[in-house]
Each structure stands twice: as structure tokens, then as C-alpha cells.
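Visitor: can't give you the sequence, but here's the structure:
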């Protein structure tokens, strides 16, 4: 048994401390042993697994400098450096090892590590070198892929064109020389040709020498159709897509391709013949055990496209009769509904109402199906009545509650949605309509809460109920209950980017620093994992020759790293930490610890062009059931939610980029901030930004701090701002003095802006050298602090306890549901 075996066993058993002791003992006993470097490398690996990354790197670097060539040593150092992401050291080590040994395994590790770094030019050079040593088809295509990926990062068309031509010539040569092409290498060939807009050559290859590489004929035909569209050969697309639809009548992409091509075709379109074609498809699928929706939906979409709007009501009714029991019925028809002529609405309403049955007898399955049909009809009816402006909200709500009572007793599996959930969700939509019209009447929100909490007790896993509860509670100034609901939603992985805005947006306004920091840090984990895991996915795609996946993984990585949600979350985190700084020392430490790279996308300028960021947020996760641009979540907030990449969001992002940068400069005794910002730039930003007077309050105080540090007298301007701060404080105090104050989201927001301005003003007392003015300033700040302390404690306690307050006061209404 080798003396290395006990070390390997200890590491495998996660006894890293014991492994380190064995390594130290063996190295001390015989420092001239042949396996001394291997022992040292294993010690580095054991240190790394123990979490001692710096010590681990120091030891591994020493081993690397000795230029090892044996597999055990290289493998131990490789694993160590990979864990701590020191890819440059791995590249240097394996480059040397490959040059000295011509070992193919070393060459692959060298190549794959360069791929992890996304250094495509170096990857091309490495691939070229490997091809010369091992004339393998796989490595040949690696080289072409590396060239193609370089074109994705080049902005100059001329340079991009040269590289694409080189890649095309290599692929042509590979085909001529008889290299083995598979589906993935064919895809790479097509990428190169399509980026040069050489669609005809790509189509010829797919229909000729490379047709055999597509093992699934339907996939090859789809690729041919896409190329035919680029060549404006829509007549051929019509024939091919029609043929494929007959083979796969439920493939919706084929139906869309067919209708698009009909619209662009040079041949005369016989509308009746197309409708007959869809009717024949419908007859075919009706004979099957599970009837497919595709042909029925396609008929409706085609009639809309052809302008035959008068025929739509009957087609919609036919669809509802056939598929009204499916959960997606309303969503399927939603794009069609705005095209129904207004004079046909009454006819549509009457037929939909005839399909509704209140009392349902029979088996559980029959009751569930009738409930789903009822809900499909009621959702469509809401859409139509909203368009006609004939909604009687209370009557609709009463009817929906009657339906819910009838189905309420139905037992379902715990993790499944209750069949009647959407009755109450629809009722909540009607309540929110009323609230949107009269936002002063908070009772409408309370009513909506009651309905949702009642539904939640019987359907714990309905995400729509949870989302609506979260946003309504936030609107009423409550944050603890939404955070509890957030935990139960189990949002994770990519959802942290697409859905976290539901519970993190404006979370900093509720006076709970630690829970807010916890949630924001949790959201940021997806971006950290993206930078670690996506390069590994790219590596695996190279390893298995999945060339078509590599650009997808790169786009995914870039989409996440340039996410607007990431930019917002990072700034929220800085903002909350600034709010949580309790004294001058904490403020200095907090500002000193800020990572400016976290405020940027690429580690360069932290001021972002928000228009270039990727907005991955799923803003339409809750169906709205009406034909309006505004989502139901925006109705709750009374403005766009979440804020998009418009001027307001841009101003917010850049404001909370300026603030930490300027404060770092101001509180630093030597002006040693990581990045300086000029007073002129900030003044220009304040003038051009679309912020309310209160929103810009702290920005204006910060501007005065900048001037003050530059030696400019600002006492008069500061006094004017104090008047504004006191007025805001008085307004908030009036709200607090009510018998049962309702501290809404707007109150919490105004309070936070005021508190931030107050914190900025406090910095004056530290920096001010004019003793008389400093005393006066301190006096005014103390008066303001009393009110702020009262506000802050009120918000925190209200936010935590108000859920019970709502439930206690509205218990009767709850029972009434």
C-alpha cells in the first residue's frame, strides 16, 4: 500500500485535519522523497477543503512553481486551484505539462480551463496547437467554435466578417477532407453561415450532404423552414408546414409558422379552404382519446389574422365547450378576445352565461370539471363586461362567493390547488378594481385581504394567492407577513432573478434592517452562482461536443450578469446598510467595506446605462383577466410595478450609485475614496432626474455636503432644507396622531426618505468647524430625531404586529366568506 493511500482515505472521509497531519509528518520525515511534491499538493487540497483558502493557495502555488509533471501532483493542485477559481495558474501549469509530455489528457484540461475563462482567442490558439499534435475531428471543430465565439464579442463588422470567413473555410475544408460531421457540428456550420446571411448555402447543406446528420427528420424540416423564411420562400414554407401539421396537429409553433407564411405567400390565400383544413384536423383529433387543442386554437388565430372578426364569437364558444375544463382555457383565448367586434359582445355573453351551472351534483371529478368550466366562462365574462364598462362589482363578488361555497367542501390533495381558488381570486380582482378607482378607501384592500387569507387557509400552495397577499400587505405597510409568505413560496435558483422583485422591491422602507439584508443577500446568490456554474456548463458543452448549447449558455450568463434586478438589489443592500449605520464609526466602516464592483456590471464604471440591462422580471405572472396594459400588481401600487427601465428607475439606480461614492469621499479624511465623483456631475444629475421633492431631499443634502467639503458656505441652503424636513415631519405626525393610524406603504416610504436626509444632515455636525452654527444645527437635529425615533419604532412594530390586528378586526367578514 502506498503511503499516499491513508491521505486519500482521510480526504474521502472528510477528515481533512488528519490528512494535513499525515502530509506534514511524511514531508518532515523525508523532505527528499520522490513523492514530496505530491504530499505538498495533497496538503494544499486538504487545506482548501477545510476552508483555509489563502493558506491552501500559498502551498499550491509553491508546488506549481516546481513545474510538476506527474498525474497525482497535477490532479491535487488542479482541484485546489479550481475550487478557489485560480484559473490562470491552472492554465500555466497544464500548458507547461502538455508542452513537456504531449499528454492528451493534459492538453484537454488546459483547453477546458481556457474555455471556463471564456478567453476565446486563447482558446483558438490552444485548439490549433492540439490539432497539430492530435489530428482529431473533435479538436478541429473546437477550433472553429473558438473562432465563432470570438465574433460574438467583436463590434466591428469588418473584423467579425474576417473571422466568419475563416470559420466557413475551415468547415468547408473539413467537409471536403471527409471529417465526421454530426448534428452538433452541422449546427456549428449553420451558425457560421447564418451569421454571414448565407442562407442558401445553409439550406443546400441541410437538404444535401449534411441531411443525414439530423437523426430526427422533423427537426431537419424545421431548420429548413427557418432558412426558407430568411430567403422569403414562403410558398415552400406553407407546403412544408402544412405537411408537418398533419403529422403533428398539436404543435403550436408549426401553426404559427403556417399562418405567418400564408400572410407572406405570393399565392392567393383561399380563406374557406384554410378553414376547411382546420375543420378536417379538428375532426381527426376529436376521434382520439385525448383531444388536442392546437387545431381549434389555430382556427381562431387564423380568423383574427384574416380579419373575419364576426366569426370569432362562435369559434370561442366552440372552444370553451370543448376545452373549458382545462386550466389554460382563458389564457389560450386571451389574445383573441380584443378582436371580437363590440356589437358581438352581448351574443358572446349570453352563450357563456348559458354554460354556467351553480349547483353541481355528481362525483368529485364531475364537480371539478364543471367548476373549471364555470371559471373559464366567468373569466371571459369579466373581460367582456370590463370592455363594455358594465361591471357591477358587488353583484359579481356575491355570485363568485356563492359558487365558492358550493365547491368549498370538496377535498383535494394538500399540495394541489383547490378547484374553487379562482372564484376568490376573481372576487379579489373586482375589489382591486374598486380600490384603483378610489385609493383613499383602504377598506377595499382589507376586504381583498380577507378573501385571500380565507382562500390561503384552504389552499396553502397556490402561488397566485401568496403573491397577491404579499403585495397587498406591503401596500398597507406590513412587511413581516409578506416575508413569512415568501419563505413558503420556496423561490430559488433562476426565480431569484425573475420573481424576487415581488418581495424585495421597496423592502428597505419598512424599518427592518436585518431581515431585509438577509433577503437581499439571498437574492444575490443566483448571480454569484451564475459566475461559478455557467462556465462549468460551457466546459461540459465543449467536452461533449454540444456546440449548439455553448452560445445559449453564454447568453444565459450575460443575461443574468447584466440583470436589472441585480443592479437594483445591490443598491438596495447598500441603502439598507447606510440606514442601519448607528454612528459615525459604523458609517465609516460600512462605506470602507463597499465593493464598488458590485455596483457595476463589468467591474468598470458603476454608472449604468439602464437601457442596456436585461429585464428578466416576470411582471405578468398574475393573470389580469382584462384588456389593459397595467398589471394587477400595478393596480395595487397605483403606479407601474415594478418600475421598468424608464427615467424614474434610471434616476433611482444612479442616485444610489452616487450616494455611497460621494459619502465615501466625504467621510474619508484624506479623500481616499475608491472613485471620485465631481460636484458638477452630481448637480447636473439632480437637475435632470425626475424625482419628487422628498425623494431628492437626501440628494440635495449630499450636494451641500460636497460643497461644504470644498469650502463653500451652505448654511442658508441647509436651513431651507431643514424647513422642508420639518414640514414633512409635521405631516407624518398628523397621520400618527390618529386614533388608529394606518401606516401605509406611502407613509413608510416618506419616512425613509426623511430619515436618510436626517442621517446626511447629521454628518454636518461632525464636519462643521463653525461652532455656533454647529450648535444650532445639532439643536434642530435633536428635535427632528425625537419624531424620527417615534416614526421608526412605530413602523417596525406596526409591520410586525398588524397582521394579527387585521385578522382580529375582520374576523366577522372572514367567517362570512
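Guide: Cool, got the structure. Just so we're clear, the structure is a prediction, and the values are computed from it rather than from any experiment.

Visitor: tell me the phi and psi of residue 418?
Guide: Dihedral pair for residue 418: phi -70, psi 140, per degrees, to the nearest 10.

Visitor: so the closest residue to residue 416 other than its chain neighbours, which state does it fall into?
Guide: Excluding its sequence neighbours, the residue lying closest to residue 416 (C-beta to C-beta, 6 or more residues apart in numbering) is residue 461, at 7.3 Å. (Glycine included, C-beta is placed from N, CA and C.) Under DSSP: H, G, I helix; E, B strand; the rest coil, residue 461 falls in the coil class.

Visitor: how close does residue 461 get to residue 407?
Guide: Distance, residue 461 to residue 407, by C-beta to C-beta, to the nearest Å: 18 Å.

Visitor: for stretch 726-741, what does the pLDDT average out to?
Guide: For stretch 726-741, mean pLDDT is 76.

Visitor: return the distance of it from the chain's centre.
Guide: 38 Å (C-alpha atoms, centre = their mean, to the nearest Å).

Visitor: please apply the same query to stretch 261-268.
Guide: Taking mean C-alpha positions (C-alpha atoms, centre = their mean), stretch 261-268 and its chain are 38 Å apart.

Visitor: first to last residue in that stretch, what's the distance?
Guide: 12 Å (C-alpha to C-alpha, to the nearest Å).

Visitor: flag every buried residue along stretch 511-521.
Guide: 511-512, 515-517, 519-520 (16 or more other C-beta atoms under 10 Å).

Visitor: and which of those residues is nearest to residue 580?
Guide: The closest of the buried residues of stretch 511-521 to residue 580 turns out to be residue 517 (C-beta to C-beta; 7.7 Å).

Visitor: so the closest one sits right up against residue 576, yeah?
Guide: Yes - contact criterion C-beta atoms under 8 Å: residue 517 and residue 576 qualify, at 5.7 Å.

Visitor: any residues in contact with both of the two?
Guide: Shared contacts of residue 517 and residue 576 (C-beta atoms under 8 Å, 6 or more residues apart in numbering): none.

Visitor: quick check: buried residues in stretch 295-307?
Guide: 295-306.

Visitor: surely residue 191 and residue 148 touch.
Guide: Yes - between residue 191 and residue 148 there is a contact under C-beta under 8 Å: 6.0 Å.

Visitor: which residues of the protein score low on pLDDT?
Guide: For the chain, applying pLDDT under 70 flags the ranges 1, 596-598, 600-608, 647, 669-677, 738-741, 768-774, 776-777, 780, 783-817.

Visitor: for the helix or strand where residue 365 lies, packing partners?
Guide: Element membership for residue 365, per DSSP states H and E: helix 364-388. For helix 364-388, the elements it packs on are helix 312-323, helix 329-333, helix 345-354, helix 393-407, helix 421-437, judged by 3 or more C-beta pairs under 8 Å, 6 or more residues apart in numbering; DSSP states H and E.

Visitor: hmm, back to that, of the buried residues of stretch 511-521, just say which sits nearest to residue 152.
Guide: Set against residue 152, the nearest of the buried residues of stretch 511-521 by C-beta to C-beta is residue 520 (32.0 Å).

Visitor: wait, isn't the closest one in contact with residue 569?
Guide: Yes - Residue 520 is in contact with residue 569 according to C-beta under 8 Å; the separation is 5.4 Å.

Visitor: sweet, I'm off.
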